[in-house]
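Novice: curious how this folds, go ahead:
(one chain, ligands or ions: 2)
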Amino acid sequence: MRVIFVGVGEACDERYPNTSILVKIFGSEGKKRCFLLDCGFSAAHAFWNYVTNPEKLDAIWISHFHGDHFMGVPLLLLRMWEMGRKRPLTIIGQKGIVDVVEKAMELSYPGFMNRFRFELTFIECEPGISREILGCTWSFAETEHSKRNLAVAIETSSEKLFYSGDGRPSSDSVELISGSTIIIHEAFHVRDEVPGHGTVKNVVEIARNRNIKHLALVHMQRDVRKWRELQIRRELAKLEDINVYLPLPGECLEL
Ligand SMILES: [Zn+2]
Ligand SMILES: [Zn+2]
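Specialist: Ligands and ions are numbered 1, 2, ... in the order given. As a prediction, the model looks like this:
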């Protein structure tokens, strides 16, 4: 699979676009699939640095209804319409996803949804029920966050990607991590526990305990990342049993 970090920032980061990840993976039907995981305010613009064909994206996953994770959807859809997209697009999220996207679209660009020449297919998902979507098995688990957030695992016969969205790991989300080829996890702080968010220390520990080989840390508090990035990178580089990345926007991992 190929993982491209469109954005790695938290909600208010002035330097990096909101956390948003482009995943290219071969589904069970042998087709290459392209998924976007979260699309906040500043991610929609950044997306077009990595995708030039408006037909390429198969699905968007929205982890929760905070603006830095979904408010870029109206702009992304608007530009797809402007560029002449015709293929249906799937939008996947927790209960309420249809209403949230329709309202955001209507507030941002009233009446435009009726003008789209492509169909939007919404799929509502909940923890405990895995779904076969576009050639992959999708599973979900709630994390501990101020707004209900679902972590997602996207799995094929040979690969598994886990993305936390926002939130401190829960026992359910930790279970969902097992067997992942790569974990992409939010780490808002380094070791100071804050309610509703993960830490570098905690997430690295969880990944090592489960013999995960690749861990990408995203959504770090902007001042922590700005002032302590070098020191954090030095510490992470000392770990020998796991590759821990602190990706920059545009960075790509081939796994
Ligand atoms: Zn966030
Ligand atoms: Zn959030």
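
Novice: where does the stretch 1-150 of the chain get nearest to ligand 2, residue-wise?
Specialist: Across the stretch 1-150 of the chain, the shortest distance to ligand 2 (CB to the ion) belongs to His66, at 3.5 Å. To be clear about C-beta, it is placed using only N, CA and C from the backbone, and glycine gets the same treatment.

Novice: other SSEs contacting the longest helix that the chain contains?
Specialist: Of all the elements of type helix in the chain, the one with the most residues (DSSP state H) is helix 222-237. In terms of contact count using 3 or more CB pairs under 8 Å, 6 or more residues apart in numbering; DSSP states H and E, helix 222-237 is assigned the packing partners helix 200-209.

Novice: so which bits of the stretch 151-255 of the chain are right by ligand 2?
Specialist: Applying the criterion CB under 5 Å from the ion, the portion of the stretch 151-255 of the chain that neighbours ligand 2 consists of Asp166.

Novice: and stretch 199-217, which residues are buried?
Specialist: Taking 16 or more other CB atoms under 10 Å as the basis for neighbour counts, the residues of stretch 199-217 that come out buried are Thr199, Val200, Asn202, Val203, Val204, Ile206, Ala207, Ile212, His214, Leu215, Ala216, Leu217.

Novice: nearest to ligand 1, of those residues?
Specialist: Leu217 (13.7 Å).

Novice: which SS class is the closest one?
Specialist: Here Leu217 is recorded as strand under DSSP: H, G, I helix; E, B strand; the rest coil.

Novice: the chain should start at 36 in everything you say after this.
Specialist: Yes, from this point I'll number from 36; that puts the last item at Leu252.

Novice: quick one: low-confidence parts of the stretch 86-235 of the chain?
Specialist: Across the stretch 86-235 of the chain, no stretch falls below the confidence threshold (pLDDT under 70).

Novice: re the thing from before, including distance to Lys182, could the buried residues of stretch 234-252 go into CSV?
Specialist: Converted to CSV, these look like this (distance: CB to CB, whole Å):
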residue, distance to Lys182
Thr234, 19
Val235, 22
Asn237, 20
Val238, 20
Val239, 25
Ile241, 22
Ala242, 24
Ile247, 26
His249, 28
Leu250, 24
Ala251, 22
Leu252, 21
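
Novice: so how far is stretch 66-82 from its chain's centroid?
Specialist: Between the mean C-alpha point of stretch 66-82 and the mean C-alpha point of its chain there is a distance of 8 Å (CA atoms, centre = their mean, to the nearest Å).

Novice: please identify the helix or strand for the residue in the stretch 186-290 of the chain that ligand 1 sits nearest to.
Specialist: Checking the stretch 186-290 of the chain residue by residue against ligand 1 with CB to the ion singles out Asp201 as nearest, at 4.4 Å. Secondary-structure assignment from DSSP states H and E places Asp201 in no helical or strand segment.

Novice: how close does it get to Asp103?
Specialist: When distances are taken as CB to CB, to the nearest Å, Asp201 and Asp103 turn out to be 9 Å apart.

Novice: same check, this time on Lys261
Specialist: Noted for Lys261: a distance of 17 Å to Asp103, by CB to CB.

Novice: so these two - more neighbours on which side?
Specialist: When Lys261 and Asp103 are compared for neighbours, Asp103 comes out ahead with 25 against 13, by other CB atoms under 10 Å.
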